[in-house]
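*Asks:* okay, predicted coordinates and the sequence, questions at the end:
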Amino acid sequence: MHISHLNVSFFTLELPWRENRGNISCIPTGTYEVCMRKSPRFGLCYWVQNVENRSFILIHAGNFAGDTSKGLKSNVHGCILLGKKRGILAGQRAVITSKSAVDELSIILENESFNLIIKGV
């Protein structure tokens, strides 16, 4: 997914679609309200609310969303990673400059809530 606002672009990375199963799937298509939340692990990040049969889906910093059952690295268990660039790290697809992307998005949006539209999985 690619996010563009005010001439600023971000990229996202998620797990593949696996029937919306917790910890191994991206979230389903739909419109979701997103607000700021303080996570004990990730600090201030965005919380995607009201995802059916799921809880605590966050937009946070990280690089990898790989299939751990295949020995790949993953920084998510159903969440969405945000980055300034896409690339390959350690032989794996990744988003890069992630922490600064999350910080920049929160500055642009002034920590306000927004609607996230997922169009396809």
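*Replies:* Received, thanks.

*Asks:* what helix or strand is residue 107 on?
*Replies:* According to DSSP states H and E, residue 107 maps onto helix 98-108.

*Asks:* next structured bit after that helix?
*Replies:* Per DSSP H and E, helix 98-108 leads on to strand 114-118 as the next helix or strand towards the C-terminus.

*Asks:* which helices and strands does that following strand pack with?
*Replies:* Here strand 114-118 touches strand 30-39, going by 3 or more Cβ pairs under 8 Å, 6 or more residues apart in numbering; DSSP states H and E. (Each C-beta comes from the backbone N, C-alpha and C, glycine too.)

*Asks:* what comes up buried for the strand it packs on?
*Replies:* Across strand 30-39, burial judged by 16 or more other Cβ atoms under 10 Å covers 32, 34, 37.

*Asks:* just checking, what packs against the helix holding residue 107?
*Replies:* strand 8-13, strand 43-48, strand 57-60, strand 80-83.

*Asks:* can you do 10 Å?
*Replies:* Using 3 or more Cβ pairs under 10 Å, 6 or more residues apart in numbering; DSSP states H and E as the contact test, the elements touching helix 98-108 are strand 2-5, strand 8-13, strand 43-48, strand 57-60, strand 80-83.
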